[in-house]
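S.K.: got a predicted model here, sequence first, then my questions.
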Amino acid sequence: MHRLSAPPPPKITSLSPRRDAYIDLLEDSRGLRREQQQARANWLSTLSPERQELVFELEVLLKGAACFSNPRNHPGKPRRVPTVAQDFREPLALLHKGFKRITHLARLCLGDRDKAFVFHRYLETLLPEDTARTRLFREDSSQSTPQGSLFALRRGFSNLVEVGDGLLRLPRVPFRLFYATANLAQREVSQNAFFNPLSALEFRPEFDRIQSTEVVEMIGRVPGEHAQRLTSLTFLSLFRMLRYLRLLEHIVPDLSDPLGTAAGSLYLVLSVLRSDARALATYLRRKSGEQLASSFERDLLMTPSSQLRDRYEELLTTGHRLIDARGAFEGVSANLRLELQRVFEHTIPSPEEGSGSTRLRDDVLTGIAELRPTLQNVIMLLARTLGATLEEDVVFDDQLAKRQISERLRRHIWMFAQIIRAFMVKARHAQGAGEAWDTVSSFQFVREFVAYFRAMGYPLLRASDYPRFASFLHAMNALQDADLLDPDKLDRAIIECEAFHAFLSELLERVGQREELQGIAFDKRAAAMTLRLYLRE
C-alpha cells in the first residue's frame, strides 16, 4: 500500500489585514470603559508584585463564588440523589470560608484605607437616624475608583460572612438556601465596577499576557480574523488554567491550619478551573469548525478573481491546514473534557468528603500533577499543528515540564495501543461472524473508538510525526462521517490500525529512551488503571 507522509508543519501567513485578536481579548473581554481601564491600570501600577498576585487571587475567588453555586463544578463522583434532596451544609461551610478569604484579600488590597471601613462600621452602630445611616452607606458604595470598588466588596462580603455564620448553625442546609447565598455573592460581584470577572472566558492584560514570544508570533500568523481569535482564545484559556494550578499550589500549604480559609479557597478555585475548562471544551467542539471556515471564506472572497489562478495552490494549502487545525482543536476539546472529568471525579474528593479530610492536600497535589502535563501537552500539540516548534522548558518556565510531558506521552501511547488492539479484535470478530453493518447497536463500538481517537489518538498522530498520517486520518474520517458502516470502510480502518499499532509499539520504546526519562520505569499498572477510568467514562 502506498505510504503517505504526514503533511509538513504549516507556516501560515495572513491573507488579509485585520485587528490583533490576541490584544483585543486581553484588553476588551471584560468590557471596561476606557477611563475605567486606565484607572485600574494606574492603581495596579502602584502595587508591589506580591499585592498584584493578591488581586489575581481575589478575582479568581470572586468568580469562584459564582461557579461554586453550580454543583456540576464540584469535585467528586456524580451522585444519584437529586440535587434538591442533598444536604449542602458542607459546601456552604466551604463557601463561607471563601467569603472570609475574599474579605481578607479586599482588606489587604485596601491597605490603610481599610481603617476607614472599620470606622464606618463602628459609626453604623452609633447613628440613631436612618437618614444618616443611608448617607454613610451611599458614601461607602461609591465605585468611581478601584479603591471604592474594593470598599464595596469589603462591605458586601463582610455582610455575607455574618449571614453565613448564622446559616451554619442550622443542622441541614437545602440546595435552595445554599444557592441563594451564593447568588447574593454573585450579585455583589456583578454590580462591581472594577472587579467583575464573571464572564466564562475573560482575560486581563496584567495577569494573562503570554510570556513566550514564539507563541504570540505563532498566533499572529494564523490566517483570518475569526481563526486568529479562536486560536488566541484557546491559548489564553490554557495558560490561564495553568495559572489556576499555580494558585492552587500556593494555597495548599495553608491547609495545615484547620481553622483557616484554605479549604474554601481551594474548592472555589477548583470550581473556576472546571467551569472554564468546560466552557472552552464546549466552545471548541461546537464552534472551531465554523470559526475556521468563516476565516477562510472571508479571505477567499477578498481575493480578486484575476488572482485566483495564481493563488490556487496557496489557498488550497491553507484550506487543508485549517482542516488539520480543526482536528487539533476538536482533539483539545475531547482531551480536556476527559481529563478534567477523570481528575475531578476520581482524584479530588467532593466537598462533603474533603472539607475535613487529612488527605485533601495530597489529593489536590495529585490532581495538579495530572492536569498540568495535560494542559502543557495540548499547548504543544496546537503549536505543532500551527507550525511552531517550541521548547517546553522555555514556554512554561518549568524545568520539569519536559519530563512530565514525556511521561504523559509514554502513558498515552501505551493506552491508545490497547484501545486500537481491542478495536481490531472486535472488528475482526464482527467480520468473521458475518454481522450486518446496518444497525445502531452493531456500530456502537466503532463510535466509541472514533471518540477515543479524537481525544487521544489525534494528539499522538501529531506528536509522533506518523508517516501514514494522511492515510490513517482519512480512514478515521470515513468512520466518523458515516451513520452506518460498510465493510470496505471497516477493512481500511483495520489495515490502518494494524500499521499504527505497530508504529506505537516502536514509539513506546523510543520515548522510553529519551534523556529526560532515563531511570524512570514505565508504570504499566498505573497506566492500566488510568485506561480503565477512560473506558468507564
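M.R.: Nice, thanks for sending it over.

S.K.: contacts, neighbours, all on C-alpha from now
M.R.: OK.

S.K.: distance check, Leu409 against Ala369.
M.R.: Distance, Leu409 to Ala369, by C-alpha to C-alpha, to the nearest Å: 14 Å.

S.K.: likewise Ala478?
M.R.: Counting by C-alpha to C-alpha, the gap from Ala478 to Ala369 is 36 Å.

S.K.: cool, Ile405 as well?
M.R.: For Ile405, the distance to Ala369 - C-alpha to C-alpha - is 11 Å.

S.K.: who's more crowded, the two?
M.R.: Ile405 (21 against 13; other C-alpha atoms under 10 Å).

S.K.: got a list of what Leu62 touches?
M.R.: 102, 186, 189, 196-198 (C-alpha atoms under 8 Å, 6 or more residues apart in numbering).

S.K.: for Gly319, which non-adjacent residue is spatially closest?
M.R.: Phe296 (6.9 Å; C-alpha to C-alpha, 6 or more residues apart in numbering).

S.K.: the one you found: neighbouring residues, count only.
M.R.: The number of residues near Phe296, taken as other C-alpha under 10 Å, comes to 21.

S.K.: for it, what are its contacts?
M.R.: When contacts are counted by C-alpha under 8 Å, 6+ apart, Phe296 touches 223-224, 319.

S.K.: distance check, it against Leu54.
M.R.: 42 Å.

S.K.: restricted to strands, list the contacts of Leu62.
M.R.: Assigned to strands by DSSP state E, none of the contacts of Leu62 qualify.

S.K.: looking at neighbours, which among the residues you listed is most surrounded?
M.R.: Ile102 (27 neighbours).

S.K.: of the contacts of Leu62, which pair is most distant in space?
M.R.: Ile102 and Leu198 (15.0 Å; C-alpha to C-alpha).

S.K.: helices - which of the contacts of Phe296 land there?
M.R.: Those of the contacts of Phe296 mapping onto helices are Gly319, per DSSP state H.

S.K.: just give me the residue closest to the centre of the chain.
M.R.: The residue lying closest to the centre of the chain (C-alpha atoms, centre = their mean) is Ala277, at 3.0 Å.

S.K.: buried sites along the helix or strand containing Ile23?
M.R.: Assigned by DSSP states H and E, Ile23 belongs to helix 21-28. For helix 21-28, burial by neighbour count (16 or more other C-alpha atoms under 10 Å) applies to 21-22, 25-28.

S.K.: stretch 310-324 now?
M.R.: Those would be 315, 318-319, 321-322, 324, for stretch 310-324 by 16+ other C-alpha under 10 Å.

S.K.: in TSV, list those residues along with pLDDT and distance to Leu61.
M.R.: Listed next are the buried residues of stretch 310-324 as TSV, based on pLDDT from 0 to 100; distance: C-alpha to C-alpha, whole Å:
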residue	pLDDT	distance to Leu61
Leu315	86	46
Thr318	83	42
Gly319	84	42
Arg321	82	40
Leu322	84	37
Asp324	81	37
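
S.K.: which residue is the nearest non-sequential neighbour of the residue nearest to the centre of the chain?
M.R.: Leu336 (6.9 Å).

S.K.: and that neighbour, how many neighbours does it have?
M.R.: Using other C-alpha under 10 Å, Leu336 has 23 neighbouring residues.

S.K.: pLDDT score for it?
M.R.: We have a pLDDT of 91 for Leu336.

S.K.: now do the SS call for it.
M.R.: helix (DSSP: H, G, I helix; E, B strand; the rest coil).

S.K.: so it touches Tyr283, yeah?
M.R.: No - Leu336 is beyond contact range of Tyr283, at 11.9 Å (criterion: C-alpha atoms under 8 Å).

S.K.: so where is the stretch 251-400 of the chain shaky, pLDDT-wise?
M.R.: 355-357, 397, 399 (pLDDT under 70).

S.K.: list the contacts for Asp276?
M.R.: Counted by C-alpha under 8 Å, 6+ apart, Asp276 has contacts 200-201, 237, 241.

S.K.: ok, Leu230 next?
M.R.: Counting by C-alpha under 8 Å, 6+ apart, Leu230 touches 288, 291-292.

S.K.: as JSON lines, those with distance to Tyr458 and neighbour count would be great.
M.R.: Formatted as JSON lines, the contacts of Leu230 follow (distance: C-alpha to C-alpha, whole Å; neighbours: other C-alpha atoms under 10 Å):
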{"residue": "Ser288", "distance to Tyr458": "16", "neighbour count": "23"}
{"residue": "Gln291", "distance to Tyr458": "20", "neighbour count": "21"}
{"residue": "Leu292", "distance to Tyr458": "18", "neighbour count": "25"}
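
S.K.: quick one: which of the residues you listed sit in helices?
M.R.: Applying DSSP H to the contacts of Leu230, the entries found in helices are 288, 291-292.

S.K.: what's around Ala279, how many residues?
M.R.: Ala279: 16 neighbours (other C-alpha under 10 Å).

S.K.: swap that for Arg221, please
M.R.: 16.

S.K.: tell me the pLDDT at it?
M.R.: 86.

S.K.: could you measure from it over to Glu352?
M.R.: 48 Å.

S.K.: same check, this time on Glu202
M.R.: Counting by C-alpha to C-alpha - Glu202 and Glu352 are separated by 30 Å.

S.K.: between these two, which one's more packed in?
M.R.: Glu202 (20 against 17).

S.K.: and the more buried one, helix, strand or coil?
M.R.: Classified using three-state DSSP, Glu202 is coil.

S.K.: nearest residue to it in space, please, no chain neighbours.
M.R.: Ser29 (5.3 Å).

S.K.: phi, psi of the one you found?
M.R.: When read as degrees, to the nearest 10, the backbone of Ser29 gives phi -70, psi -20.

S.K.: again with Thr145
M.R.: phi -130, psi 160.

S.K.: how's the chain carved up into domains?
M.R.: According to automatic domain parsing, the chain comprises the domains 30-197, 213-398, 407-536.

S.K.: CSV for those domains, including distance to Glu206?
M.R.: Shown next, in CSV, are the domains of the chain (distance: least, C-alpha to C-alpha, whole Å):
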stretch, distance to Glu206
domain 30-197, 8
domain 213-398, 12
domain 407-536, 31
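
S.K.: roughly how far apart are Arg51 and Gly327?
M.R.: 41 Å.

S.K.: more neighbours: these two, which one.
M.R.: Taking neighbours as other C-alpha under 10 Å, Arg51 and Gly327 compare with Gly327 leading, 21 against 15.

S.K.: quick one on the thing from earlier: state the distance from the residue nearest to Glu202 to Leu292.
M.R.: Counting by C-alpha to C-alpha - Ser29 and Leu292 are separated by 20 Å.

S.K.: cool, Arg454 as well?
M.R.: For Arg454 relative to Leu292 (C-alpha to C-alpha), the value is 18 Å.

S.K.: before we move on, what about Leu461?
M.R.: Distance, Leu461 to Leu292, by C-alpha to C-alpha: 21 Å.

S.K.: same question for Phe207.
M.R.: On the measure of C-alpha to C-alpha, Phe207 and Leu292 end up 28 Å apart.

S.K.: repeat that for Gln143.
M.R.: Gln143 is 41 Å from Leu292, by C-alpha to C-alpha.

S.K.: name the element Asp488 belongs to?
M.R.: Assigned by DSSP H and E, Asp488 belongs to helix 487-512.

S.K.: list the buried residues for that helix?
M.R.: For helix 487-512, a neighbour-count test (16+ other C-alpha under 10 Å) marks 490-494, 496-498, 500-501, 503-504, 507-508, 511-512 as buried.

S.K.: equivalent analysis for stretch 147-166, please.
M.R.: For stretch 147-166, by 16+ other C-alpha under 10 Å, it's 147-158, 160-161, 164.

S.K.: one step back: helix or strand right after the helix holding Ile23?
M.R.: helix 34-45.

S.K.: what's in contact with that following helix?
M.R.: By C-alpha under 8 Å, 6+ apart, the residues outside helix 34-45 that reach it are 52, 145-146, 194.

S.K.: need those in TSV (columns: pLDDT).
M.R.: Conversion of the contacts of helix 34-45 to TSV gives the following (pLDDT from 0 to 100):
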residue	pLDDT
Gln52	93
Thr145	87
Pro146	91
Phe194	93
